[in-house]
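Engineer: the amino acid sequence is not available; the structure is as follows:
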């Protein structure tokens, strides 16, 4: 850039015949102290060739002399860009303007030896015909920020432009422009966000920018008295010669290390170093960036990946995730063990390399070839020489760059379904003869579906509970031993600190780095959290086992409240707030019940169906503001209760002894209720008011079957539109 320092001189101001002062002679600070509008008018009336532009170099105001000299029409420059009016300006024009706008230069002055032509066409053609001296100076707004530039142009006599003096001025301007580039480079280094420092060939720091001083906590003079080995904990003075030779051979290196601040704190950095030669000397330029946050993020990513792998390994199915180039990214342990291969060997392999399931290969190829985000399909695969049928569910992620495939073995279900379909076909043929046979067929169908469903569910729940219980028992059993061992170790450390209060520097440094006091306080808390977590998992497993009751095929005395609580624990997630619906309040009003002789597993199924229906009704009431109801004013088992004016989802469970030989369980909600027409059909098989995709219509029919036929009890429903719903179960105590 061709620039010239501002000349601050005190001199008298000349005037024109009309008494106005030339703008070029006025102090800019005084001129811009007025408002922008006033300053615009001042520029317009100026007798000099002067213009006012904003930070985007768009004209705000020009003098009449400027318009005349530039050959443009009156008022046509306002709002237009300077670069639009003068498209063929030299590069140093924009460099000087940007330097002034950013505050790097407070003043810029240069001379153009060639005419500067304006655009032709709509704007009248014209140009400065002589050599022109240009002056750029920023103007500031009322807040003190740079608002744009003042451009002044004045002609220089032709003979002056041809003299040695003019040539000398051009040479000096060219020199000033070249001098500015190192200045800008120095400013950029000083204000860089990264740490930048130079070292000599023997490792002494000879330059450090502001970021380095701030990061290390040293002053510039202190930092220049150090060596690289003083701040780099992994590069000792003895390692420096080898490092220097490697840098000279490769010219640049990138590596990670740890830096130490003035107060002894250590933090990880990524360092890029370059070998430089200048003035016969050798230098090492290091640019370092703190990567503490990045390492924390990477650690979190690794932990999340491990947690995801653990979850996928726990899924009782074949799980694989595949990239869009049809290669495996990974598999869970079930899939790997099914093919007797380590899970690591799948990564990077092409889908189909095992040649056991062509249909799965076709599914993967078609899925990535289509825009659908998810799909499901039944696929037959050969596992250890045995053909099995899997339901494959696929979902794309990472902008369709990869997908996860989950396969669930449905071979047994398919066989059962086929057998069921054959049985239904035979029953349908018989139903054509007698209407009574049709009723028997419906009841048989319901029982078969329930038996298959609950048998599979019970086995699944029991299997998962058993698999979870074993490792939890290991953890729970070992936490107490680990707690004792760690307490003994901490006691040993306390004794060392008591009798050896001044350890060697290496031990003291390690203790400071490990934050031993924090570990001593936090470790017992961590072990206690593990103990609480294992107990929580054990409670969940116990609830699952209590709910399934797979080992109780006969009627036995059971605790009704225990079955209710285990069912509520399984449904706890559905009671929480979600989808714009507030959380569902649960009110338990348990009476003093004796143990009841019953099929505990079957009663738990009934509780599950009734509570699920209540939750579904409350969710429907939350989605439709016209449907929410209120808790029934009078319950079968309670006295009158006032209804709430606002809809707060609530489920109330009441138990009591009725007479001397029966117990009653009432489950009520303040949902939208039911009409008389719907109420008369709720116990019919396959009847449902919900979406067919989310409900089979068997829940209440099965519940009535289990209560009435299995236990000889009663199941009664009370409901009105807008008044909520209450279902009451009555069964005999049945104790001998």
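Structural biologist: Cool, got the structure. Just so it is clear, the model here is predicted, and its values are computed rather than measured.
Engineer: what's around residue 246, how many residues?
Structural biologist: 12 (other Cβ atoms under 10 Å). (C-beta placed from N, C-alpha, C; glycine too.)
Engineer: check which helix or strand covers it.
Structural biologist: Here residue 246 is covered by helix 240-250, with elements defined by DSSP states H and E.
Engineer: tell me which helix or strand comes right after that helix.
Structural biologist: strand 252-260.
Engineer: now for the next helix-or-strand element following that next one, which elements pack on it?
Structural biologist: Using DSSP H and E, the helix or strand that follows strand 252-260 in sequence is strand 266-278. Judged by 3 or more Cβ pairs under 8 Å, 6 or more residues apart in numbering; DSSP states H and E, strand 266-278 is in contact with helix 240-250, strand 252-260, strand 281-290, helix 292-314.
Engineer: angle of strand 266-278 against strand 281-290?
Structural biologist: Following axes from the mean of the first three to the mean of the last three Cα atoms, to 10 degrees, one obtains 150 degrees for the angle between strand 266-278 and strand 281-290.
Engineer: strand partners of the one helix or strand residue 53 maps to, parallel vs antiparallel please.
Structural biologist: Taking DSSP H and E as the definition, one finds residue 53 inside strand 49-54. Within its sheet, strand 49-54 is paired with strand 59-62 (antiparallel), strand 146-155 (antiparallel), according to DSSP bridges.
Engineer: among those, which is the most enclosed?
Structural biologist: Across the strands paired with strand 49-54, averaging neighbours per residue (mean count of other Cβ atoms under 10 Å) puts strand 59-62 on top, at a mean of 22.
Engineer: who are the contact partners of residue 236?
Structural biologist: residue 229 (Cβ atoms under 8 Å, 6 or more residues apart in numbering).
Engineer: and it, how far from residue 378?
Structural biologist: 65 Å (Cβ to Cβ, to the nearest Å).
Engineer: and residue 611, by the same measure?
Structural biologist: From residue 611 across to residue 378, the span is 33 Å (Cβ to Cβ).
Engineer: who's more crowded, the two?
Structural biologist: Between residue 611 and residue 378, counted using other Cβ under 10 Å, the more crowded position is residue 611 (23 against 13).
Engineer: shouldn't that one be in contact with residue 566?
Structural biologist: No. Using Cβ atoms under 8 Å, residue 611 is not in contact with residue 566; the gap is 11.6 Å.
Engineer: spit out the residues that contact these two alike.
Structural biologist: Between them, residue 611 and residue 566 share no contacting residue under Cβ under 8 Å, 6+ apart.
Engineer: next helix or strand past the helix or strand harbouring residue 406?
Structural biologist: Using DSSP H and E, residue 406 sits in strand 402-409. Once strand 402-409 ends, the next helix or strand along the chain (criterion: DSSP H and E) is helix 411-431.
Engineer: buried residues in that next one?
Structural biologist: In terms of neighbour count (16 or more other Cβ atoms under 10 Å), helix 411-431 has its buried residues at 416, 427, 431.
Engineer: contacting residues for residue 479?
Structural biologist: Applying Cβ under 8 Å, 6+ apart to residue 479 gives the contacts 527, 530-531, 534.
Engineer: burial measure for the residue lying closest to it once chain neighbours are set aside, as a count.
Structural biologist: Leaving out its chain neighbours, the residue that sits closest to residue 479 by Cβ to Cβ, 6 or more residues apart in numbering is residue 531, at 5.0 Å. Neighbours of residue 531 under the rule other Cβ under 10 Å: 16.
Engineer: what of residue 385?
Structural biologist: Residues near residue 385, counting by other Cβ under 10 Å, number 6.
Engineer: please report how far it lies from residue 332.
Structural biologist: For residue 385 relative to residue 332 (Cβ to Cβ), the value is 22 Å.
Engineer: check residue 526 too.
Structural biologist: Counting by Cβ to Cβ, the gap from residue 526 to residue 332 is 28 Å.
Engineer: ok, residue 601 next?
Structural biologist: Using Cβ to Cβ, one gets 31 Å for the distance from residue 601 to residue 332.
Engineer: tell me which of the strands paired with strand 49-54 lies nearest to residue 107.
Structural biologist: In terms of Cβ to Cβ, the element of the strands paired with strand 49-54 nearest to residue 107 is strand 146-155, at 10.6 Å.
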